[in-house]
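*Asks:* Predicted model and sequence follow; I will ask about them next.
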Amino acid sequence: MFRLLANGYEWPRMITIYGIRNCDTMKQAFAWLDDHGIAWTFHDYRKSGIDSALLHAWSKVLGWKTLLNTRGTTWRKLSAEEQDVTTQSKAVQLMQTYPSLIRRPVVETGGGHLLVGFESATWSSFIG
């Protein structure tokens, strides 16, 4: 995890990848990291949950709209009231309740970068 410092964020040295293991995008991300010989740890937020403080910190860096997956089946199954997300706090609460609403993967690069989604060219710029 990372901690907030007075002048910004202190990021971990090892790459941490967050997501749901059986997701196809996650499998591509795991393969890319392995193919590039990059050490990583995995946090499955469906099995282990996700801390609200971490989601709030990510939201401050990326914006909660970037983190909230509104394209998946889980989102479509929500009621109109649940889909009426207008604040970071409501988005974080929803993502904690339904972890599959968190876009994946989310990667803390160890170099101070936070990446969302898998795009090999972007990853090469920040990780490889």
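*Replies:* Received, thanks. Keep in mind that what you see is a predicted model, and the values were worked out from it rather than measured.

*Asks:* Give me the residue at the spatial middle of the chain.
*Replies:* residue 106 (2.7 Å; Cα atoms, centre = their mean).

*Asks:* pretty sure that residue contacts residue 58?
*Replies:* Yes: contact criterion Cβ atoms under 8 Å: residue 106 and residue 58 qualify, at 6.6 Å. C-beta: built from backbone N, CA, C; applies to glycine.

*Asks:* so what sits against both of these two?
*Replies:* 67, 114 (Cβ atoms under 8 Å, 6 or more residues apart in numbering).

*Asks:* Run through the chain and note the low-pLDDT ranges.
*Replies:* 1-13, 111, 128 (pLDDT under 70).

*Asks:* which is the next helix or strand following the helix or strand hosting residue 31?
*Replies:* Per DSSP states H and E, residue 31 falls inside helix 24-35. With elements assigned by DSSP H and E, the helix or strand that comes after helix 24-35 is strand 40-44.

*Asks:* buried stuff in that following strand?
*Replies:* The neighbour-count check on strand 40-44 (16 or more other Cβ atoms under 10 Å) flags 40, 42-44 as buried.

*Asks:* Who does the residue nearest to the centre of the chain form a beta bridge with?
*Replies:* Taking DSSP bridges, one obtains residue 18, residue 116 as the residues bridged to residue 106.

*Asks:* how close does it get to residue 61?
*Replies:* For residue 106, the distance to residue 61 equals 10 Å [Cβ to Cβ, to the nearest Å].

*Asks:* Strands along this structure, start to end?
*Replies:* 3-5, 8-10, 15-19, 40-44, 106-108, 114-116 (DSSP state E).

*Asks:* Please identify the most buried of these.
*Replies:* strand 106-108 (a mean of 23; mean count of other Cβ atoms under 10 Å).

*Asks:* For that one, name the packing helices and strands.
*Replies:* strand 15-19, strand 114-116 (3 or more Cβ pairs under 8 Å, 6 or more residues apart in numbering; DSSP states H and E).

*Asks:* mind checking how far the longest one is from the chain centre?
*Replies:* The reference is to strand 15-19. When C-alpha coordinates are averaged (Cα atoms, centre = their mean, to the nearest Å), strand 15-19 and its chain have centres 7 Å apart.
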